[in-house]
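Asker: For reference, the sequence and a predicted model appear below.
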Amino acid sequence: MSYLQARINTTLLMISLIILTTITAHTQEQSNLPKLPDDVFARLGKGHINDMLYTVDGMRIVVATSLGIWIYDAQNFTEIYHLKIKQTHAQFLAISPDGNTLASTGTSGVIHLWDAHTGQHMHDFNIESDIHTITFSHDGKTLATLGTDYALRLWDTSNWQEKHKIENVIDLERRTISSFTVSQNNLLVATGVNDGRVYIVEPIHGSTKEMFGKHDSYVRDVIFGPEGDLLASASNKSIRIWDTETGEQKQVIQVAKSYKRIIFSPDGNLLASRANDGEIHLYDVKTGKLFRVLKGHNGSLHKIAFSPDLRTLTSAGIDGTIRIWDVFTGKQIHAFENHFGNFTSLAVSPDSKTIVSPNYYQTVCLWDVANAKIERILQREDRYWVFEIAFNPTGNIIAHATADNCIILWDRETGKQIRRLDGHQDHVLSVMFSPDGKLLVSGSEDKTIRIWDTETFKVKQVLDGHTEKVNCVSFNPDGTTIASASKDKTIRLWDVISGEMINTLVGHENEVTSIDFSPDGDKIASVALTSRIYLWDIGSGQIDKVIHVSGRKIASVLFHPQGKVVAIGCETGDVELIQVESEESLKKYSGHRNWVVEIVFATDGEKLVSRCDDGILYVWNVANLGH
């Protein structure tokens, strides 16, 4: 074999190895992409965003959500990993200075450690309280956590053992703390206070330094510069930059908008702030002048982060998008979509083509069921919790019940709020249109049920009788009877025309959380956070049957449109279909992590939508199981 041929063969072998390695790495990454549970048609949303950062090399974007941790390629904008966390959300993130270890916090003081390159889970440990913030020290030898108990805990990263704990780090004579952060350089703690003052605490020695001067209003955010020599603080009227050594004020930037959060660029020359309207303002730290405004988000922002090379900035908003911006041109480079979560209710349109789901920010999402994509986003004018949402029979009006003691009506076509119905004296927990759409019924924590005329928007009847809050209300199929379920452990039946109570169904030992009429109107199914499903005969008001579900408590129940099957949502995260007559379990759907608190069949009975206590929605294929 000639020398040239040998060189060619060697080169071909090296190329083959590179291709094989690339394919193997790609296959490993693909195996970590999110997999839907069996029988799931679609998952709606990727989870509410809690935190976000770039990896040290700037090649990836890490996003902590209510559904786990998503990792995106920052160069070609693809999903790489989805790191699932059992029984908890991913809340805060930190990455070690060498880029090898990703730390995430969950609820109840859990800290998860991951290999930042492969996404492999490495280790978990717990602390004694929930966590406010987490950071690695500049040398990577220490992981610092600041808990809700205001204790700073320092962990040795060589063995993940706690090496120091400082109690009451930011007590500050019991002043009300409005914001705080921990320095990566020397683990100093900075705090902003409601009276506008800013402090730096040296936790090891317990000394506290007050910055000279103060804000005119409470401090919304504080953040250390990359070298630890500067500290920035933001209020409704100004951003102030301080020298951390002397406490002197180096810069005051007067602002026209209120900023929720601020961050320094990696080189410390820029300061980014996120305004309540979704704009991102970039300021020159030395001059205090506005450098750039980034516009594109619809609504306020959860998080912003600079890339290590300062070329891009990433922002995450309540509009469900993660946007990547060119810092110097101000242009948007890419947007990841569908980062919605924390849904508080759901409803399926009469034609089964659309799902509506509000979350606890100011967004109501309309989803196209066929492709699991956002059809439309409605922007609410308030930030009150939405307890229940409903379509009218023609699907052109949407009503939702709120913690503002009212009902809001929307025009689906225009996306505009068309009416506010006031009258309840406490949170409105349930709302439903009558089968002909002429009436609307609502149940409230004020213990009453109200019947509204949908043409005049006036109250026709106020139904009194329950002694505790009314959790849910429902019309029977012909619209002549209303059933209401309450914390007082009863279900009451009411005549729609006269408003008189027809009957009281007594038998549950706990508060009744979910009820549903059978399609023929002869029965009601109910559950009360036990392992039993009660089926009531409407005519006699007596229990017709009790179906026992072993080992699981039930939060929600619903008849299939055919009436022969009931669906239940359980504390284990399961959705189960049960044949009413035989009491046989037909199918169990697993995928949620917590209580399944709401289930809705599509009108055609082909699909079932479920909502978990953590706000995640799944659309399940249930074709042919309702018969």
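Answerer: That came through, no problem.
Asker: What are the buried residues along stretch 199-217?
Answerer: Neighbour counts using 16 or more other Cβ atoms under 10 Å place 199-201, 203, 208-209, 211, 214-215 of stretch 199-217 among the buried residues. Bear in mind the C-beta positions are built from the backbone N, C-alpha and C, glycine included.
Asker: Please identify the buried residues of stretch 294-314?
Answerer: In terms of neighbour count (16+ other Cβ under 10 Å), stretch 294-314 has its buried residues at 294, 296-297, 299-308, 312-314.
Asker: if you look at the buried residues of stretch 199-217, which of them are in strands?
Answerer: Judged by DSSP state E, the buried residues of stretch 199-217 include 199-201, 208-209 as members of strands.
Asker: Among the residues you listed, which one lies nearest to residue 439?
Answerer: Using Cβ to Cβ, residue 199 is the member of these that sits closest to residue 439, with 57.8 Å.
Asker: Could you verify my assumption that the closest one touches residue 207?
Answerer: No - between residue 199 and residue 207 there is no contact under Cβ atoms under 8 Å: 10.5 Å.
Asker: Break down this protein into its helices, ranges please.
Answerer: 3-31 (DSSP state H).
Asker: So, low pLDDT: which residues of it?
Answerer: Applying pLDDT under 70 to the chain picks out residues 1-35, 86-88, 170-178, 626-627.
Asker: domain assignment for it?
Answerer: As recorded under automatic domain parsing, the domains making up the chain are 1-31, 49-168, 340-503, 507-627.
Asker: Of these, which is nearest residue 243?
Answerer: Minimum separation from residue 243 across the domains of the chain (Cβ to Cβ) falls at domain 49-168, 18.9 Å.
Asker: Can you give me the end-to-end span of that closest one?
Answerer: From its first residue to its last, domain 49-168 covers 29 Å (Cα to Cα, to the nearest Å).
Asker: before we move on, what about stretch 586-601?
Answerer: Using Cα to Cα, one end of stretch 586-601 lies 16 Å from the other.
Asker: Quick check: the residue nearest to residue 308 when sequence neighbours are not counted vs residue 305, distance?
Answerer: Once flanking residues are discounted, residue 308 sits nearest to residue 58: 4.3 Å by Cβ to Cβ, 6 or more residues apart in numbering. Applying Cβ to Cβ, to the nearest Å, the value for residue 58 to residue 305 is 11 Å.
Asker: Contacts only, for residue 308.
Answerer: For residue 308, the contacting residues are 54, 56-58, 266, by Cβ atoms under 8 Å, 6 or more residues apart in numbering.
Asker: Pick the one among those residues closest to residue 588.
Answerer: Distances from residue 588 to the contacts of residue 308, taken by Cβ to Cβ, are shortest for residue 54, at 40.8 Å.
Asker: Tell me the bridge partners for the closest one.
Answerer: On the basis of DSSP bridges, residue 54 is bridged to residue 61.
Asker: I figured it hits residue 310, correct?
Answerer: No - using Cβ under 8 Å, residue 54 is not in contact with residue 310, being 10.8 Å away.
Asker: if I look at the residue lying closest to residue 119 once chain neighbours are set aside, how far off is residue 361?
Answerer: Distance criterion Cβ to Cβ, 6+ apart; nearest residue to residue 119, sequence neighbours excluded, is residue 81 at 3.9 Å. Distance, residue 81 to residue 361, using Cβ to Cβ: 26 Å.
Asker: Which of the two has more residues huddled nearby?
Answerer: Of the pair residue 81 and residue 361, residue 81 is the one with more neighbours under other Cβ atoms under 10 Å, namely 24 against 19.
Asker: Surely the more buried one is in contact with residue 70?
Answerer: Yes - taking contacts as Cβ under 8 Å, residue 81 lies within contact range of residue 70: 7.4 Å.
Asker: Quick one: residues contacting the nearest residue to residue 570 once chain neighbours are set aside.
Answerer: Nearest residue to residue 570, sequence neighbours excluded (Cβ to Cβ, 6+ apart): residue 552, at 4.3 Å. Applying Cβ under 8 Å, 6+ apart to residue 552 gives the contacts 531, 570-572, 574.
Asker: One more: residue 367?
Answerer: 44, 354-357, 373-375.
Asker: can you tell me which of the residues you listed are in strands?
Answerer: Those of these lying in strands (DSSP E): 44, 354-357, 373-375.
Asker: Between these, which sits nearest residue 563?
Answerer: Residue 563 lies nearest to residue 355 out of these, by Cβ to Cβ, at 22.7 Å.
Asker: Report the contact partners of that closest one.
Answerer: 44, 346-349, 366-367, 369, 609, 617, 619.
Asker: make it 6 Å
Answerer: Each residue near residue 355 by Cβ atoms under 6 Å, 6 or more residues apart in numbering is listed here: 348, 367, 369, 609.
Asker: now swap in residue 422 and tell me
Answerer: residue 406.
Asker: Can we start the residue count at 54 from this point?
Answerer: Done: numbering now begins at 54, and the last item shifts to residue 475.
Asker: Quickly list what it is bridged to.
Answerer: residue 459.
Asker: And it, how close does it get to residue 495?
Answerer: Distance from residue 475 to residue 495, counting by Cβ to Cβ: 11 Å.
Asker: Same check on residue 645?
Answerer: Distance of residue 645 to residue 495, given as Cβ to Cβ: 28 Å.
Asker: between those two, which one's more packed in?
Answerer: Comparing residue 645 with residue 495 by other Cβ under 10 Å, the one with more neighbours is residue 495, at 26 against 23.
Asker: show me the contacts for that one.
Answerer: Residue 495 touches 460, 481, 484, 503, counting by Cβ under 6 Å, 6+ apart.
Asker: Would you mind listing the two of those that lie farthest apart?
Answerer: Using Cβ to Cβ, the two most remote members of the contacts of residue 495 are 484 and 503, lying 9.8 Å apart.
Asker: picking up where we left off before, which of the contacts of residue 408 sits closest to residue 278?
Answerer: Nearest to residue 278, judged by Cβ to Cβ, of the contacts of residue 408 is residue 420 at 42.5 Å.
Asker: If the closest one is in a bridge, with which residues?
Answerer: Beta-bridge pairing for residue 420 (DSSP bridges): residue 408, residue 427.
Asker: and if you look at residue 207?
Answerer: On the basis of DSSP bridges, residue 207 is bridged to residue 197, residue 217.
Asker: Tally up the residues packed near it, please.
Answerer: Neighbours of residue 207 (other Cβ under 10 Å): 18.
Asker: Is it correct that it is in contact with residue 195?
Answerer: Yes - if you go by Cβ atoms under 6 Å, residue 207 and residue 195 touch, sitting 5.2 Å apart.
Asker: My guess is residue 291 contacts residue 307. True?
Answerer: Yes - Residue 291 is within contact range of residue 307, at 5.5 Å (criterion: Cβ under 6 Å).
Asker: Who has more neighbours out of these two?
Answerer: Neighbours per residue (other Cβ under 10 Å) separate residue 291 from residue 307, with residue 291 holding more: 17 against 8.
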